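A.B. asks: got a sequence here, can you build the structure:
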Amino acid sequence: MENLDMFWNIARDVWKIESDSIKKLFKVIDKNEFINVLKVIANCKGRVITSGAGTSAVAAKKISHSLSCIEIPSFFLTPSDALHGALGSVQKGDLMILISKGGNTGEVVSLIKPLKEKNITVIGVTECGDSILGEESDFLLKIKIEKEADQFNMLATSSTLSVIAVFDAICVALMKYTKYTKEMFLKIHPSGAVGKRLKESQLKE
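C.D. replies: Numbers count the residues shown, from 1 in each chain. Have a look, this model is predicted:
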């Protein structure tokens with residue numbers, strides 16, 4: 001009979017490694033980089049478009065949704081679609097966030113040249129400042145973790161959560177920066193548990 005406690009211990013180790021990575025972000029993230037990205041997103045006159053491949057795409061989609069939830073229009077654009085015509089959806093005044101852990105993902109870095117030709121500001125998110133993405137982005141957020149949560153240090157776990165956590169912090173800071181209110185949130189989120197809580201809160205005030 002296999003010792004099932006082993007699997008519970010694995011789960012505990014995963015949660016510890018991932019939570020430790022997030023706890024260390026305030027030491028990892030450059031304050032000036034964070035503030036610069038915050039300001040450029042807050043002052044964007046168009047849409048904030050996110051892109052990435054693989055697990056980075058999952059993080060990019062979450063970031064885009066969170067931005068839209070605080071009235072910063074945003075959508076996710078698949079790199080391969082962008083390179084086959086969908087780049088036409090990116091227009092003057094828009095801002096592009098490109099995410100690549102190593103900073104050299106082919107489909108992602110191939111977007112940089114056409115984006116610059118369209119005068120689109122690029123925010124690069126990577127752990128490698130000396131990568132193509134790190135060197136060619138207009139703004140850089142370097143997010144490097146010590147260890148992924150799996151035994152081979154390969155599966156994008158801690159790194160993906162850390163990217164999401166950094167942009168969660170940016171979104172919360174943007175709510176303060178843009179004076180975002182509960183009333184504004186209710187207008188775009190009337191359904192579900194959040195909508196119900198907001199309506200109840202409004203009735204009490």
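
A.B. asks: just the pLDDT for the residue sitting nearest the centre point of the chain.
C.D. replies: Centroid-nearest residue in the chain, with C-alpha atoms, centre = their mean: residue 63, separated by 4.1 Å. What the model reports for residue 63 is a pLDDT of 98.

A.B. asks: so which strand or helix has it?
C.D. replies: Following DSSP states H and E, one finds residue 63 within helix 55-69.

A.B. asks: that helix: how far from the chain's middle?
C.D. replies: 6 Å (C-alpha atoms, centre = their mean, to the nearest Å).

A.B. asks: strand partners (parallel or antiparallel) of whatever helix or strand comes next after it?
C.D. replies: Next helix or strand after helix 55-69 toward the C-terminus (DSSP H and E): strand 74-76. Paired with strand 74-76 in the same sheet, following DSSP bridges, are strand 48-52 (parallel).

A.B. asks: quick check: mean pLDDT of the partner strand?
C.D. replies: 98.

A.B. asks: now do stretch 21-39
C.D. replies: 96.

A.B. asks: next: stretch 120-134.
C.D. replies: Average pLDDT, stretch 120-134: 97.

A.B. asks: before we move on, back to that, quick check: the residue nearest to the centre of the chain touching residue 72?
C.D. replies: No: with contact defined as C-beta atoms under 8 Å, residue 63 does not reach residue 72; the gap is 10.5 Å. All C-beta atoms are positioned from the backbone trio N, CA, C, and that covers glycine.

A.B. asks: circling back: tell me what the helix holding residue 63 is packed against?
C.D. replies: Using 3 or more C-beta pairs under 8 Å, 6 or more residues apart in numbering; DSSP states H and E as the contact test, the elements touching helix 55-69 are strand 48-52, strand 74-76, strand 95-99, helix 158-177, helix 182-188.

A.B. asks: let's go with 7 Å and repeat that
C.D. replies: strand 48-52, strand 74-76, strand 95-99, helix 158-177 (3 or more C-beta pairs under 7 Å, 6 or more residues apart in numbering; DSSP states H and E).

A.B. asks: tell me the contacts of the nearest residue to residue 100 once chain neighbours are set aside?
C.D. replies: In this structure, residue 100 finds its nearest non-sequential neighbour in residue 108, 4.6 Å apart by C-beta to C-beta, 6 or more residues apart in numbering. Going by C-beta atoms under 7 Å, 6 or more residues apart in numbering, residue 108 touches 51, 52, 53, 79, 98, 100, 133.

A.B. asks: what's the weakest-modelled helix or strand in this protein?
C.D. replies: helix 192-204 (a mean of 69; mean pLDDT, DSSP states H and E).

A.B. asks: and residue 27, how far from residue 118?
C.D. replies: The spacing between residue 27 and residue 118, counted by C-beta to C-beta, to the nearest Å, is 36 Å.
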